[in-house]
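Enquirer: following is a predicted model, sequence given first.
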Amino acid sequence: MGAAQTGTGDDAPRRTTRRLAADAAGIAAAAALLASGGTVAFPTETVYGLGADATDAAAVAAIYAAKGRPSFNPLIAHVPDLAAALRHGVFDAAALRLARRFWPGPLTLVVPKASGSGVCDLVTAGLDSLGLRVPDHPVARALLAACGRPVAAPSANRSGRVSPTEAAHVLGDLDGRIDAVLDGGATPVGVESTIVACLGGPPVLLRPGGVPREAIEAELGGPLAAAVPDADDAPLAPGMLASHYAPRAGVRLDAASVSPDEAVLLFGSFRPHGLSGQTQLNLSPSGSVVEAAANLFGMLRRLDGAGATTIAVAPIPSAGLGEAIVDRLRRAAAPR
Ligand code: TXA
Ligand code: MG
């Protein structure tokens with residue numbers, strides 16, 4: 001299968017991946033790599049991102065190559081604060097309201113791209129809109145401040161794989177394909193940012209994530225619109241491919257019972273019928289969706305590594321961060 005056909009071929013040039021500590025020297029080295037067109041993975045409060053200078057098309061192309069990401073899937077531009085975001089996007093009243101309430105934090109706003117933005121077209125994959133985010137992680141914030149330019153960053157995994165919540169996960173997928181990883185430990189939120197499009201009409205939820213829908217709706221004073229997939233149009237959130245966030249093993253949801261050859265992902269105190277000596281992990285023994293979100297991708301990786309062909313997942317409530325968890329698990333379970 002050729003790389004041009006699938007977009008997932010191994011077309012990234014080999015390079016030595018530096019491990020950088022998340023101290024002043026490491027952050028300075030990472031900023032210098034970004035400024036010279038390099039690719040650097042860095043922690044955010046959600047998951048690790050694979051960053052490159054969003055104004056440098058060649059650098060952004062290196063992200064797509066390293067991930068093996070289809071080129072129609074646009075990237076989020078990360079900026080240090082709202083003032084910087086306003087230089088790249090056009091914010092309506094709803095967007096401003098959400099930015100002021102939830103930034104820095106796990107919220108991405110898709111807004112019309114500002115005409116003066118230097119963000120290159122490869123970041124938006126040809127769309128007129130731009131995804132912007134101000135992350136709330138000390139290492140990400142220091143890096144963005146030090147490099148002084150918008151940083152395009154998808155999750156730092158091979159395309160279609162589970163998002164990384166530790167530097168070791170990044171290296172497992174991308175060692176030898178990126179210039180550096182800044183190791184800031186485990187990411188606290190564990191699922192990606194919530195994405196809301198503010199494109200003139202009512203705000204639309206494109207992806208549930210680290211800011212619960214309920215918090216956004218409370219701030220807006222009304223319900224978010226749902227994204228309407230339209231086969232004839234460019235998809236609103238083209239990255240929301242049905243099969244995404246996929247471990248190698250198959251994933252089976254809402255498992256009321258399990259078979260001896262399955263690995264099992266539990267939540268709370270619920271015990272499926274047939275549970276005995278299987279490889280099993282509990283997302284949150286106490287039944288907290290916040291704790292479960294932080295553990296989700298790491299536990300999927302560990303169960304996947306245990307070699308079972310199927311991971312059976314116990315029922316998970318869909319309120320709060322549970323909506324993002326269930327969304328990611330559905331994608332992991334989708335046929336591929
Ligand atoms: O938490 C996160 O959002 C992480 C960290 C690194 O910031 N990033 C992340 O990026 O999850 P990525 O590339 O894995 O997912 C970004 C999603 C994709 O589904 C993409 O299609 C969507 O955002 N997106 C980006 N720009 C868009 C745009 N202009 N219109 C619609 N969707 C957009
Ligand atoms: Mg991703």
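Expert: On my side now, so go ahead. Ligands and ions are numbered 1, 2, ... in the order given.
Enquirer: wait, doesn't Met299 sit right on Leu283?
Expert: Yes - between Met299 and Leu283 a contact is recorded at 6.3 Å, counting by CB atoms under 8 Å. C-beta coordinates here come from the backbone N, C-alpha and C atoms, glycine included.
Enquirer: neighbour count: these two, which is higher?
Expert: Using other CB atoms under 10 Å as the criterion, Met299 and Leu283 rank with Leu283 on top: 25 against 22.
Enquirer: neighbours of the closest residue to that one other than its chain neighbours, just the number please.
Expert: In space, and not counting its chain neighbours, Leu283 is closest to Ala292: 3.7 Å by CB to CB, 6 or more residues apart in numbering. The number of residues packed near Ala292 is 25, by other CB under 10 Å.
Enquirer: all helices of the stretch 1-150 of the chain, in order?
Expert: 3-6, 24-35, 57-67, 82-88, 93-102, 121-124, 138-147 (DSSP state H, counting those that start in this stretch).
Enquirer: need the three-state assignment for the residue nearest to Leu283.
Expert: helix (DSSP: H, G, I helix; E, B strand; the rest coil).
Enquirer: ok, now which ones touch Gly172?
Expert: Pro164, Arg301 (CB atoms under 8 Å, 6 or more residues apart in numbering).
Enquirer: contact residues of the stretch 1-150 of the chain facing ligand 1?
Expert: By CB under 6 Å from any ligand atom, the residues of the stretch 1-150 of the chain that approach ligand 1 are 44, 46-47, 49, 73-76, 106, 108, 110, 124, 127, 129-131, 133.
Enquirer: can you rerun that using 8 Å?
Expert: 44, 46-50, 69, 73-76, 78, 106, 108, 110, 113, 123-125, 127, 129-131, 133, 135 (CB under 8 Å from any ligand atom).
Enquirer: do you know the pLDDT at Leu329?
Expert: Looking at Leu329, its pLDDT reads 92.
Enquirer: could you check how far it is from ligand 1?
Expert: 16 Å (CB to the nearest ligand atom, to the nearest Å).
Enquirer: mutual contacts of Met299 and Leu283, please.
Expert: Shared between the contact lists of Met299 and Leu283 (criterion: CB under 8 Å, 6+ apart) are residues Leu265.
Enquirer: low-confidence regions, the protein specifically.
Expert: 1-11, 71-72, 228-245, 336 (pLDDT under 70).
Enquirer: buried residues, stretch 116-130. List them.
Expert: Of all the residues in stretch 116-130, those buried under the rule 16 or more other CB atoms under 10 Å are Ser117, Val119, Cys120, Leu122, Val123, Thr124, Ala125, Leu127, Ser129, Leu130.
Enquirer: now stretch 141-159
Expert: 141-144, 146-147, 149-159.
Enquirer: related to what we said a few turns ago, closest to Asp327 out of the helices of the stretch 1-150 of the chain?
Expert: helix 93-102 (18.6 Å; CB to CB).
Enquirer: tell me which residues in the closest one are buried?
Expert: Those would be Ala94, Ala95, Leu96, Arg97, Leu98, Ala99, Phe102, for helix 93-102 by 16+ other CB under 10 Å.
Enquirer: what's in contact with it?
Expert: Counting by CB under 8 Å, 6+ apart, 82, 85, 89, 91, 107, 109, 111, 134, 196, 198, 202-203, 211, 215-216, 219-220 sit against helix 93-102.
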